[in-house]
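J.: can you look at this prediction? I've put the sequence above it.
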Amino acid sequence: MKRLATMKKSTRNNLFTYALVIAAFVVVQALRVGPGIGSMLEGQLIPICAYVTMALALNLVVGISGELSLGHAGFMSIGAFAGSAFAMALQDSVGLSPLRLALAMVFGALIAAVLGFLIGIPVLRLNGDYLAIVTLAFGEIIKSIATNVYLGMDGNGLHFSFLNDTMDLSDGGVELIRGPMGVMNSQRISTFIAGFVLVLAALTIIFNLVNSRTGRAIMAARDNRIAAESVGISVTKYKMIAFVTSAALAGAAGTLYGCSQTTFVATRFDFNTSILILVFVVLGGLGNMWGSVIAATALTILPEALRQFSELRMLVYAIVLILVMLATNNPTLRGFFTRLFRREREGADAGVRAVKGGGGHE
Amino acid sequence: MSNKRPETKLVPVPSVNKIPERDVDKSPILEAQHLGIDFGGLTAVNEFNMAIGRTEIAGLIGPNGAGKTTVFNLLTKVYQPTRGTILLDGMDTHNMNTVQVNRAGIARTFQNIRLFDNLSVEDNVKIGMHNAIHSGVLSSVLRLPSYWREEKIAHERALELLSIFDMQDLAGAKAGSLPYGAQRRLEIVRALGTNPSLLLLDEPAAGMNPSETAELMENIVKIRDTFQIAILLIEHDMSLVMGICEGICVLNFGQIIAKGTPTEIQNNPEVIKAYLGGGKEA
Amino acid sequence: MVFLNYLISGIGLGSIYAIIALGYTMVYGIAKMLNFAHGDVIMVGAYICYFSMSGLSAHFEEGSLAAAVVPALAGTVLAMVVCTVLGVVIERLAYKPLRQAGSLAVLITAIGVSYFLQNAAQLLWSSSPKMFTPILSRDLQLSLPGGLSVSALTILTVVVCIVIMVGLTLFTGRTKMGKAMRACSEDKAAAQLMGIDVNRTISMTFAIGSALAAVAGVLYLSTYPSLVPTTGSMPGIKAFTAAVFGGIGSIPGALLGGLLLGIIEILAGGYISTQLQTAIVFAVLIVVLLVKPAGLLGKVVREKV
């Protein structure tokens, strides 16, 4: 316990997050083996893992790198399409479905990373709200393009067409992506365990990245661009590293999601989805990973749990959202919570007070 | 631009003989020739000629709005000069940006403090040491042995640098929570982390009380002696400037009006006029 | 002349985008927030106009001049009044408490308001589409030489857009309130020290922006008559894009951005592909922002070092 107290606050936070995720997994698994968790929650398990990963990925960009992205669903979309098509193509050559899923996730992450890099080149030259609107634009462009892609496979290999279905597959060919109809006959190879592993992997990648030379450079670029450049940090390079890593994680989350559905369409990953993920990140707290985990989980379950209110549920959701934002930004409430958690900060504050007393100037 | 080599020296002969390389005639660490910048037709700095010896402490002074910080911004390429040449250790920095200039050896602090407020004091220094550490994305994410090795070295070096100002006990505090004077000192430490050969200090004593300023003066000289680097500082506190600068350059309305030793500057009628007013403006 | 016909309908659509973009730009300029609920105010305005028009038209003799003018006019005015009140109330309840909060908190709250309006509309008026009656019959066409025809509705839209633009330019340039708005958008603290009531000025901005949204809603639905609770979101996003396109915070920029966006959208749909229409609009936006990072008429603000 003493070691825990002397630990850096960030290290303690990271351990808490890992513990939270692992404990949640253990409890849910135990319930599933034992009494069961109800079909509503059972069906939500994989989407929750996918959205938690999305929230973590977006938090890397918004919280750690400090850039607002309004198009992250686009990367999820690419991951879902590329990953599930890849899994379908591998069906005969790789029999073991967890292995196939893993390969598909890596593929989905890779394609999303490449796309993230290409999009990052123009996007990261812009600032603030302009950057945000361009990510929104790219998200919409990805949606439009994905809606018009046709991909099929037969004895002659892969067939591809755009806007119109001109693939002309031979007998025994399978259509993998059918334009506005989306992905058909996707295999449902995603499992809750795979989702859990993905969340853990995302956490590890983000924590290890943040707590390193690279992560410090990313945060330096966020806090003060000019100062970061003055100490020899190439701001664009580090914003790009954060953006591409985030895109890759979002791609893997997309694959996880895509491989949990039999069919899905590109419009599933639209502007509203990007916004939904942003809501998770902001509610959970910028840069706060366990906050993202909880917010994403709670807000994915909440609309389902509110189903008994049927028509009223989304209205309630909206009101809850507004009230939470107002409450978390209320100075009086904030002061209260700060006092509540003061003990935790005492160590650092003592040092500051010492200097203030000695320096005598403020 | 004239082809004649301008007179850039601050002080013709080394003013203090403690460190012989200070003779700027041999090889100045920095030489600015005919440097100038216009902002939309308005000339902010013009014909700025200056050289700084390898281990010289030089001062850049002048009334408010004279263009002192603009000179720093030109030297560090925050602004691209409209005219003139900057030679850093004999190398033309013409095509370089801020990042490359820093890697080539110029580090600076800012008049309006620019720390990474949300990060710890130690992290601020480690960020300064960015290009001295080499672990990449992969070794960080996978926590390879090289990551641990580099982090250990970085941690020790950061504390060592902080100890210059006796700040090692504050390593864990948030930079933004430090008092003003400590923030100024932290900026200097961060700049030193980049391993510079020339350190630019923009009003290092601003907001400090006399005893803090006296301590700062000692520390600036200590930094020069320990790291064997050149320091150019902008400062309004004349006790500091006259106390530690070996060469001084006076700027007024973007033009150099005097260069010389502290004694020469103190007795220069042009300088007295610029500071006390008089002449055309009065 | 297919091209000219496309161009005309592009200008018509662009004028509507410009009116919505004005609301975005004014609110952004003064409150520095992206008011994502702006698009949903359009939808509310359209519903108000729809119900008052269908309620009123029964009282007039069919085919008479009064039947064509009074319900449409009354509906529009009522929609403007309701939206103005709505805009001010939203600002007062949801955004004002967040004046000191970060921009992301305000953005998420705006999204919450947007969800709220959409779902409240769905509860009140159901999600089944309503067919909006155009405020000017689409049969009123003006034939031009060369086989061109312009609908009276398009002409009305463009005229309304011009009137609003000129009115707003005069308002912000000449009146005391307008000057207060510009002062607040430059520096709220300084404006307050000069005795300007910042809260009242922001309320006024929301009032004007929302009234404009109501007008835009009526005009938009007259062109695209299918009215559902989510009707406002797409024109909202497009108009936001238009505002950025022209340089957010700039009134002439909103006009220019709106018109260009409308024209590009119609031309892209006509000549390239209707499926890729939206993608092309956004691609043009990206290219413009790369060349002019602060939009067409926006100013790049250099950070002081």
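T.: All right, it came through fine.
J.: chain center to stretch A:196-207, what's the gap?
T.: 11 Å (C-alpha atoms, centre = their mean, to the nearest Å).
J.: could you list the residues in contact with that stretch?
T.: A:14, A:17-18, A:21-22, A:25, A:49-50, A:52-53, A:56-57, A:59-60, A:64, A:105, A:245, A:249, A:252-253, A:256, A:289, A:293, B:141 (C-beta atoms under 8 Å, 6 or more residues apart in numbering or on different chains). No exception for glycine: its C-beta is placed from N, CA and C like everyone else's.
J.: type out the ChimeraX command that picks the buried ones from these.
T.: Filtering those down to the buried ones (16 or more other C-beta atoms under 10 Å in any protein chain shown) takes a single ChimeraX command:
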select /A:14,17,18,21,25,49,50,52,53,56,57,59,60,64,105,245,249,252,253,256,289,293 /B:141
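J.: ok, now which ones touch the residue in the stretch 101-250 of chain B positioned nearest to chain C?
T.: Nearest to chain C, among the residues of the stretch 101-250 of chain B, is B:F110, at 7.0 Å (C-beta to the nearest C-beta). B:F110 is in contact with A:I226, A:A227, A:S230, B:E187, B:D202, C:V305, counting by C-beta under 8 Å, 6+ apart.
J.: save the residues you listed as TSV, and put in secondary structure too.
T.: Output for those, formatted as TSV (DSSP: H, G, I helix; E, B strand; the rest coil):
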residue	secondary structure
A:I226	helix
A:A227	helix
A:S230	helix
B:E187	helix
B:D202	strand
C:V305	coil
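J.: which of the residues you listed are buried?
T.: A:I226, A:A227, A:S230, B:E187, B:D202, C:V305.
J.: show me where the stretch 151-282 of chain B has its helices.
T.: For the stretch 151-282 of chain B, helices defined by DSSP state H, counting those that start in this stretch occupy the ranges B:180-193, B:210-227, B:238-244, B:262-266, B:269-276.
J.: out of the buried ones among the contacts of B:F110, which comes closest to B:G36?
T.: Among the buried ones among the contacts of B:F110, C:V305 lies closest to B:G36 (C-beta to C-beta), at 17.8 Å.
J.: A:T262 contacts A:I189, correct?
T.: No. In this structure A:T262 lies outside contact range of A:I189 using C-beta atoms under 8 Å: 11.3 Å.
J.: so for those two, which residue has more residues nearby?
T.: Neighbour count, other C-beta atoms under 10 Å in any protein chain shown: between A:T262 and A:I189, A:I189 has more, with 21 against 10.
J.: SS state for the more buried one?
T.: coil.
J.: so which strand or helix has the closest residue to A:D270 other than its chain neighbours?
T.: Sequence neighbours aside, A:K143 is the residue nearest to A:D270 in space, at 5.6 Å (criterion: C-beta to C-beta, 6 or more residues apart in numbering or on different chains). If you go by DSSP states H and E, A:K143 is part of helix A:128-146.
J.: re earlier: just send the buried ones among the contacts of B:F110 back as CSV, with distance to A:I206 and pLDDT too.
T.: Below are those laid out as CSV (distance: C-beta to C-beta, whole Å; pLDDT from 0 to 100):
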residue, distance to A:I206, pLDDT
A:I226, 26, 94
A:A227, 24, 96
A:S230, 27, 96
B:E187, 29, 96
B:D202, 36, 96
C:V305, 32, 73
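J.: could you pull up phi and psi at the residue of the stretch 101-250 of chain B closest to chain C?
T.: phi -120, psi 150 (degrees, to the nearest 10).
J.: show me the strands in the stretch 51-200 of chain B, by range?
T.: Counting by DSSP state E, counting those that start in this stretch, the stretch 51-200 of chain B has strands at residues B:57-61, B:83-88, B:91-92, B:106-108, B:198-202.
J.: what is the distance between the shortest one and the centre of its chain?
T.: Relative to its parent chain, strand B:91-92 has a centroid offset of 18 Å by C-alpha atoms, centre = their mean.
J.: for the stretch 1-150 of chain A, which residues score under the pLDDT cut-off?
T.: Within the stretch 1-150 of chain A, the stretches falling below the threshold (pLDDT under 70) are A:1-7.
J.: let me redo that: chain B
T.: B:1-26, B:277-282.
J.: tell me how far the residue in it that chain A sits nearest to lies from A:F192.
T.: Residue of chain B nearest chain A, by C-beta to the nearest C-beta: B:S140 (3.4 Å). Distance check for B:S140 against A:F192: by C-beta to C-beta, to the nearest Å, it reads 29 Å.
J.: so between those two, which is more surrounded?
T.: B:S140 (22 against 17).
J.: what distance do you get for that one to A:T245?
T.: 11 Å.
J.: what do the two both touch?
T.: Joint contacts of B:S140 and A:T245 (C-beta under 8 Å, 6+ apart) are A:L209.
J.: that older thread, out of the helices of the stretch 151-282 of chain B, deepest packed?
T.: Using mean count of other C-beta atoms under 10 Å in any protein chain shown, the stretch among the helices of the stretch 151-282 of chain B with the largest mean neighbour count is helix B:180-193, at a mean of 24.
J.: so which elements touch that one?
T.: For helix B:180-193, the packing partners by 3 or more C-beta pairs under 8 Å, 6 or more residues apart in numbering or on different chains; DSSP states H and E come out as helix A:342-359, strand B:106-108, helix B:121-128, helix B:145-162, strand B:198-202, helix B:210-227.
J.: redo that, cut-off 6 Å
T.: If you count contacts as 3 or more C-beta pairs under 6 Å, 6 or more residues apart in numbering or on different chains; DSSP states H and E, helix B:180-193 packs onto helix B:121-128, helix B:145-162.
J.: and the spatially closest residue to C:Y47 that is not a sequence neighbour, how many neighbours?
T.: Excluding its sequence neighbours, the residue lying closest to C:Y47 (C-beta to C-beta, 6+ apart) is C:W125, at 5.8 Å. Here the count is done by other C-beta under 10 Å, and C:W125 has 17 residues near it.
J.: quick check: buried residues in stretch A:289-296?
T.: Applying a neighbour-count criterion of 16+ other C-beta under 10 Å, one finds A:M289, A:W290, A:G291, A:S292, A:V293, A:I294, A:A295, A:A296 buried in stretch A:289-296.
J.: please identify the deepest-packed of the helices and strands packed on helix B:180-193.
T.: Greatest average neighbour count among these goes to helix B:121-128 (a mean of 28), per mean count of other C-beta under 10 Å.
J.: by how many degrees do that helix and helix B:180-193 diverge?
T.: For helix B:121-128 against helix B:180-193, the angle by axes from the mean of the first three to the mean of the last three C-alpha atoms, to 10 degrees is 30 degrees.
J.: how far off centre is helix B:121-128?
T.: On C-alpha atoms, centre = their mean, the centre of helix B:121-128 falls 18 Å from the chain's centre.
J.: which strands and helices lie in contact with that helix?
T.: Helix B:121-128 packs on helix A:213-223, helix B:145-162, helix B:180-193, going by 3+ C-beta pairs under 6 Å, 6+ apart.
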